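1. whatever this is, show me its structure:
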Amino acid sequence: LLLVESGGGLVQTGGSLTLSCAASGPTYDYYSIAWFRQAPGKEREELSCIQGSNSITDYTDSVKGRFIISRDNDKMTVYLQMSSLQPEDTGVYYCAAGSYYCSEHASFYDSWGQGTQVTVSS
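-> Numbers count the residues shown, from 1 in each chain. I've put the predicted structure just below:
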């Protein structure tokens, strides 16, 4: 599965952005898609994930109530709507595809996009 992220940019504190993860390849509906963030000097952190087919979602505590993940299977795209952005949300955002279920562990995911930079200014 090939993944391409887009939608990153520079935003002020309290602002919003929507990231997109466009996929191409077979059996897209089967895959879970997760969003990870890697801040400078930190490990890659799973923020949210949406399972294949049933679209069950999960969020890490730091983004609950602020981020919404969704998928459009017809467009083979997963979105991450981000609001109330804070400087600590700054980082490179990656989407990743895994086998149906979600996991907080990066090693679970087989395919990764190239990343898109999000910078939140204070």
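
2. contacts and neighbour counts: CA atoms only from here.
-> Noted.

3. residue 85 is in contact with residue 13, isn't it?
-> Yes. Counting by Cα atoms under 8 Å, residue 85 does reach residue 13; the two are 5.5 Å apart.

4. tell me, what's touching the two both at once?
-> residue 120 (Cα atoms under 8 Å, 6 or more residues apart in numbering).

5. who has more neighbours out of these two?
-> The neighbour comparison of residue 85 against residue 13 (other Cα atoms under 10 Å) goes to residue 85, with 23 against 17.

6. which SS class is that one?
-> coil (DSSP: H, G, I helix; E, B strand; the rest coil).

7. can you pull out the strands in the chain?
-> Using DSSP state E, the strands assigned to the chain run over residues 2-6, 9-12, 17-24, 32-38, 45-50, 57-59, 67-72, 77-82, 91-98, 111-112, 116-121.

8. a markdown table for those strands, including mean pLDDT, mean neighbour count and distance to residue 104?
-> Listed next are these as a markdown table, based on pLDDT from 0 to 100; neighbours: other Cα atoms under 10 Å; distance: least, Cα to Cα, whole Å:
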| stretch | mean pLDDT | mean neighbour count | distance to residue 104 |
| --- | --- | --- | --- |
| strand 2-6 | 96 | 20 | 19 |
| strand 9-12 | 98 | 15 | 25 |
| strand 17-24 | 96 | 20 | 18 |
| strand 32-38 | 97 | 26 | 9 |
| strand 45-50 | 97 | 24 | 5 |
| strand 57-59 | 96 | 19 | 10 |
| strand 67-72 | 96 | 19 | 15 |
| strand 77-82 | 97 | 20 | 16 |
| strand 91-98 | 97 | 25 | 11 |
| strand 111-112 | 96 | 17 | 14 |
| strand 116-121 | 98 | 19 | 20 |
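
9. got a markdown table for those, with distance to residue 105 too?
-> Rendered in a markdown table, the data for those read as follows (distance: least, Cα to Cα, whole Å):
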| stretch | distance to residue 105 |
| --- | --- |
| strand 2-6 | 18 |
| strand 9-12 | 26 |
| strand 17-24 | 19 |
| strand 32-38 | 10 |
| strand 45-50 | 7 |
| strand 57-59 | 13 |
| strand 67-72 | 18 |
| strand 77-82 | 19 |
| strand 91-98 | 11 |
| strand 111-112 | 13 |
| strand 116-121 | 20 |
